[in-house]
Structures are given as C-alpha cells and as structure tokens.
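Undergrad: this is a predicted model, with the sequence first.
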Amino acid sequence: MATTDLKLDEPGTLGRPGPIGRLVRLAFGALCLWYVFQLLQVRGSWVQSDGHIGTAIWNGIFPGLILVSYVINIGYSRSWKKWPAIISAITFLLIGAFGYFTTGSIESTYLSVAIWMWLLYIFSHLGIAFVLSGVIGTPGCEMRAFHDLYSRITGIPTKEHFCPIGPLTPIDRWESRRTQA
C-alpha cells in the first residue's frame, strides 16, 4: 500500500528512468497540464447558471485529495503524512458550510473558487514536475524533479524518493532489468 511517509534516499540510490519511463512521465505531465488548461477555461464561470459547481472542478477533487499529500510531502521534503489532504478536506467543508449559511447552498462561488485555486496549484505543480522529470530524467518520483534540477545546476546533491503510487516505479524497474540483460 502506498504511504505518504517521506523516505528520502541518498543521492545516486535510484537509477534514472529510461526512454519509456521518461515518455510516461511526459504523458502524465501533459495530462495534468491539459487539466490545468481546462480549469483555466472555466475561470469566471465557477458556478453554472443552474447554481451548481462545474464538472471540471468537481472532477479533480478526488484525485486532488489523493495526490495533495504526495505533492506537498515529497515536493517540499516534508513529513506531514496525510495532513495536507485532511486540512484541504476540512477547509472545503468549512467553506461549504459558510456558503450554505450565507447563500443557502453548499455549492457556492466561495467553495468553487477555493477548490479551483487548489486544483490549479496541485495539477500545475504536478504537471510541471512530470514534464521536467521526463525531460531531465529524474530518478524515482517526479516530485523530486525540482530538487534534481537544482542539484544539476548547483552541484549540491539532493536526496531521492521512489515513486509511492502509480506505474512509474514498476516501469523504471522493468526498464532497468531490460537494459541490464
């Protein structure tokens, strides 16, 4: 089972991804950035004419809540476990309650804008990290791509992290075994 625990490995512990792993990272990055583009398209029309929050915003909530702890913990070298997701969910519940008491509906502009900004950040950060990771071949998790780039520019080694969820670790392992054979 995937864990949000921060387990940084020493530099050079993880191998760099091969061409397939890099292409998968680029594809995931493109998918995340496509979603960001879709979010930017709904800017200003957060609540539809029928009073409901648009589907482009609702569609990102569940994946965003799953990913936010990884983005924060691994991306910022923090060990806050599931707290980023818990705080996000509590914040949305509080904003929804505020919207309900002020407008009579949980699906208010307040909640829509808050979720929209949160999704914009999560998927922008993730999308750029995936693309950067695919371009420079960051070992392990794409959320360490910014650290890897910093290390390459400054020569100061940064720690690595294996990919806790998704297909990247199995692809990288398979590709590594394939090239060693």
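TA: The structure has been received and is ready for your questions. Source: prediction; values computed, not measured.

Undergrad: from now on I want contacts and neighbour counts done on CA atoms only, so please keep to that.
TA: Fine.

Undergrad: just checking, what packs against the worst-scoring helix or strand of the chain on mean pLDDT?
TA: In the chain, no helix or strand scores lower on mean pLDDT, DSSP states H and E than helix 168-180, which sits at a mean of 87. Here helix 168-180 touches helix 19-41, going by 3 or more Cα pairs under 8 Å, 6 or more residues apart in numbering; DSSP states H and E.

Undergrad: tilt between the next helix or strand after the helix it packs on and helix 19-41?
TA: Reading on from helix 19-41 to the C-terminus, the next helix or strand found by DSSP states H and E is helix 55-75. Relative orientation of helix 55-75 with respect to helix 19-41: 130 degrees, computed using axes from the mean of the first three to the mean of the last three Cα atoms, to 10 degrees.

Undergrad: Provide the contact partners of helix 55-75 at residue level.
TA: 4-6, 38-39, 42, 46, 78-85, 88-89, 112, 115-116, 119, 122-123, 125-126, 143-144, 146, 161 (Cα atoms under 8 Å, 6 or more residues apart in numbering).

Undergrad: and the next helix or strand after it, which residues are buried?
TA: Downstream of helix 55-75, the first helix or strand assigned by DSSP H and E is helix 83-103. Judged by neighbour count (16 or more other Cα atoms under 10 Å), helix 83-103 contains these buried residues: Pro84, Ala85, Ser88, Phe92, Ile95, Gly96, Ala97, Phe98, Gly99, Tyr100.

Undergrad: residues touching the first one, list them.
TA: Residues in contact with Pro84 (Cα under 8 Å, 6+ apart) are Val68, Ser69, Ile72.

Undergrad: noted, bye for now.
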